[in-house]
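In: A predicted structure for the sequence below; I have some questions about it.
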Amino acid sequence: MVRIGALELGEFPLLLAPMEDVSDPPFRAVCKANGADLMYTEFISSEGLVRDARKSLQKLDIYDDERPMGIQIFGGEEDAMVRAIDKVAEARPNLIDINYGCPVKQVVCKEAGSGMLRNLPKLLKITEAMVKRSPLPITVKTRLGWDEDSKQVVYLAEALQDIGVQAIAIHGRTRVQMYKGSADWTLIGEVKNNPRMHIPVFGNGDIDSPEKAVLYKNRYGVDGIMIGRAAIGYPWIFREIKHFMATGENLAAPTTVERIDVCLRHFERSLEWKGEKLGILEMRRHYTNYFKGYPNFKEYRMQMVQSLDAEEIRQLLRQVEQQYAGYEPQIIRSLGEVSYSGCD
């Protein structure tokens, strides 16, 4: 049984990565319904929280049907990071996660996210202060290191454990790599197999199929897997991995009816959470991935992303359902086709 503090997550949990502008409540709802065991909010600025910035506070929204849930925060200043703990705790998540992995320039230039990997003493000092302040388990999401010459994640993981961090998720790339090249899980395996490590170690990076999930589970011995880009527009990835682990067999690809049903559910939750105008805009990034591989879908997608009328979009989705009735979609496993360049 994998545990983070008192939180029990099962034998081999599947985690939804905290992706900026993606992992909002509407998206999390469809991932939870399809088997995600632990999910996180989008990453939230600690400085925004202590300033009571509206956008930051809204990201604290979590719902009972999503639990267990973690709220992820980032920042480069100890005072704001520690004070943000109190704001986060008021939202009653199951845990608080610290982002030391985001590679984007706007975050890194403030010595936050993976920018903190260039100053490990400061990283550890801030983390220890947060652990002492927090009434909830503190976990960390990070990368292998800043660049090829500074892959210090084996040391870092042990040091984080020693100051009270209760789980760590590791993306198998450096900051310099961003999302390019292939994720290297070798050091993730070294962290997990370090005899001094006793907290859960979750692997992240390039898991896009049930076969790969099982292969990496067995090869590297991780306690669970965190999935990011492969879930965008394809929340079925969680149930497919679980089915394959249990039976050794692949599930059939979700039908057109299933895709429409889940896409509409996602759409309606987006309108409820963000309001009609912003909810419509937020959904635009998802249509391509929900219907990846569908022939001649571009015309429908263009109409959906250009429309600001909710009922028109519902009708377009129903037209897609009719147009592709009987079409047997294939599962396309290609992270290169998933549009995402934010933080996770």
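Out: Perfect, I can see it now. Numbers count the residues shown, from 1 in each chain.

In: can you map out the helices along the stretch 1-150 of the chain?
Out: Applying DSSP state H, counting those that start in this stretch to the stretch 1-150 of the chain gives helices spanning 25-33, 46-50, 54-58, 78-90, 105-108, 120-133.

In: mind putting those into CSV with mean pLDDT, mean neighbour count and distance to Gln322?
Out: Every C-beta, even on glycine, is put in place using the N, C-alpha and C of the backbone. Output for these, formatted as CSV (pLDDT from 0 to 100; neighbours: other C-beta atoms under 10 Å; distance: least, C-beta to C-beta, whole Å):
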stretch, mean pLDDT, mean neighbour count, distance to Gln322
helix 25-33, 97, 22, 22
helix 46-50, 97, 23, 44
helix 54-58, 94, 13, 36
helix 78-90, 97, 18, 46
helix 105-108, 94, 16, 43
helix 120-133, 98, 17, 53
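
In: out of the ones you listed, which comes closest to Thr288?
Out: With distances scored as C-beta to C-beta, the stretch of those nearest to Thr288 is helix 25-33 (14.6 Å).

In: contacts made by the closest one with the rest, please.
Out: Defining contact as C-beta atoms under 8 Å, 6 or more residues apart in numbering, one finds that helix 25-33 is touched by 16, 36, 39, 61-63, 65-66, 231, 235, 238, 262, 265-267, 269-270, 272-274, 279, 282, 286.

In: hmm, back to that, between the helices of the stretch 1-150 of the chain, which gets nearest to Phe202?
Out: Closest of the helices of the stretch 1-150 of the chain to Phe202 is helix 25-33, at 15.8 Å (criterion: C-beta to C-beta).

In: how distant is the closest one from the center of its chain?
Out: When C-alpha coordinates are averaged (C-alpha atoms, centre = their mean, to the nearest Å), helix 25-33 and its chain have centres 11 Å apart.

In: can you redo the helices of the stretch 1-150 of the chain as CSV with distance to Pro295?
Out: Putting the helices of the stretch 1-150 of the chain into CSV (distance: least, C-beta to C-beta, whole Å) gives the following:
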stretch, distance to Pro295
helix 25-33, 24
helix 46-50, 43
helix 54-58, 38
helix 78-90, 46
helix 105-108, 38
helix 120-133, 49
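
In: who wins for proximity to Arg301 among these?
Out: Of all those, it is helix 25-33 that lies closest to Arg301, at 18.1 Å by C-beta to C-beta.

In: circling back: out of the helices of the stretch 1-150 of the chain, which comes closest to Pro329?
Out: When the helices of the stretch 1-150 of the chain are compared by C-beta to C-beta, helix 25-33 sits nearest Pro329, at 17.0 Å.

In: give me the low-pLDDT residue ranges for the stretch 201-344 of the chain?
Out: Counting by pLDDT under 70, the stretch 201-344 of the chain shows low-confidence ranges at 332-344.

In: which residues in it form helices?
Out: 210-220, 237-247, 256-274, 276-283, 287-290, 298-306, 310-323.

In: what's in contact with the longest one?
Out: Think helix 256-274. Under C-beta under 8 Å, 6+ apart, the answer for helix 256-274 is 24-27, 29-30, 33-34, 61, 235-236, 254, 279-280, 282-283, 286-287, 290-291, 310, 313-314, 317-318, 320-321, 324-325, 327, 329.
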